[in-house]
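1. this is a predicted model, with the sequence first.
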Amino acid sequence: MPQLIAPTTRLHRQWLASRDEWGRGVHQDGSGLRPDDEVDTADGFAAFVRKLLRESDPAVPPVPGWVHCTYWWMVDGDEMLGAIALRHELTDSLLRSGGHIGYGVRPSARRRGLASWALAEVLAYAQGRGLDRVLITCDVDNEASRRTIERNGGALEDIREVEGRGVRRYWIALA
């Protein structure tokens, strides 16, 4: 039975296996992984997990230009399946193409409904935080994400050209 859990150092080995399945250096939506994060060593991974937990803490000011963001990992037992994140507010850049929520499911765990399930869970959390609607975006050629967003009530606002790629922008009403 899948669960959403807070990032934890306990799953270091499983997280690395998931990362390696994506491919080293490949962007994983919703994971919070950035190019300068060192995650292969126990100490580096612990610093990465601390960073994710710190970014969700409203008592800790965000890095300039960033917003608070809560991260969850999709797991089944100790198997790492994916990640999903809720940004607590939008910057101009996030309004253009990033949105409130980002998610990614590792290749071997796709086509099981995990993204739709996780998105529904995080939408309920967002509503509990007082958001009345959230923006979610996906590339125009990402049919799986389009279906996931629409299945969860996403209403297409527009398609924009952002950094040379087409981006679908959806709003989901929560109230």
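-> Good, I have the coordinates.
2. for the rest of this, base every contact and every neighbour count on C-alpha atoms.
-> Noted.
3. so what's the residue nearest to the spatial centre of the chain up against?
-> Centroid-nearest residue in the chain: G30, 2.0 Å away (criterion: Cα atoms, centre = their mean). Contact analysis of G30 by Cα atoms under 8 Å, 6 or more residues apart in numbering lists Y71, A83, I84, A85, I101, G102, Y103, G104.
4. rerun at 6 Å
-> Each residue near G30 by Cα atoms under 6 Å, 6 or more residues apart in numbering is listed here: A83, I84, A85, G102, Y103, G104.
5. of those, which belong to strands?
-> A83, I84, A85, G102, Y103, G104 (DSSP state E).
6. now the fourth one. Nearest residue, chain neighbours left out?
-> When you say that, I think you mean G102. G30 (4.4 Å; Cα to Cα, 6 or more residues apart in numbering).
7. in which helix or strand does that neighbour reside?
-> Using DSSP states H and E, G30 is not contained in any helix or strand.
8. farthest-apart pair in the contacts of G30, please.
-> A85 and G104 (9.4 Å; Cα to Cα).
9. mind putting the contacts of G30 into JSON lines with distance to I159 and pLDDT?
-> Putting these into JSON lines (distance: Cα to Cα, whole Å; pLDDT from 0 to 100) gives the following:
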{"residue": "A83", "distance to I159": "25", "pLDDT": "96"}
{"residue": "I84", "distance to I159": "23", "pLDDT": "97"}
{"residue": "A85", "distance to I159": "22", "pLDDT": "97"}
{"residue": "G102", "distance to I159": "17", "pLDDT": "95"}
{"residue": "Y103", "distance to I159": "19", "pLDDT": "95"}
{"residue": "G104", "distance to I159": "21", "pLDDT": "94"}
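10. and S108, that's in a helix?
-> Yes. S108: assigned to a helix according to DSSP: H, G, I helix; E, B strand; the rest coil.
11. and it, how far from G77?
-> 16 Å (Cα to Cα, to the nearest Å).
12. hang on, the earlier thing: neighbour-wise, which one of the ones in strands among the contacts of G30 leads?
-> Counting neighbours by other Cα atoms under 10 Å, the top entry in those is A83, with 26 neighbours.
13. secondary structure element for G166, which one?
-> Using DSSP H and E, G166 falls in strand 165-173.
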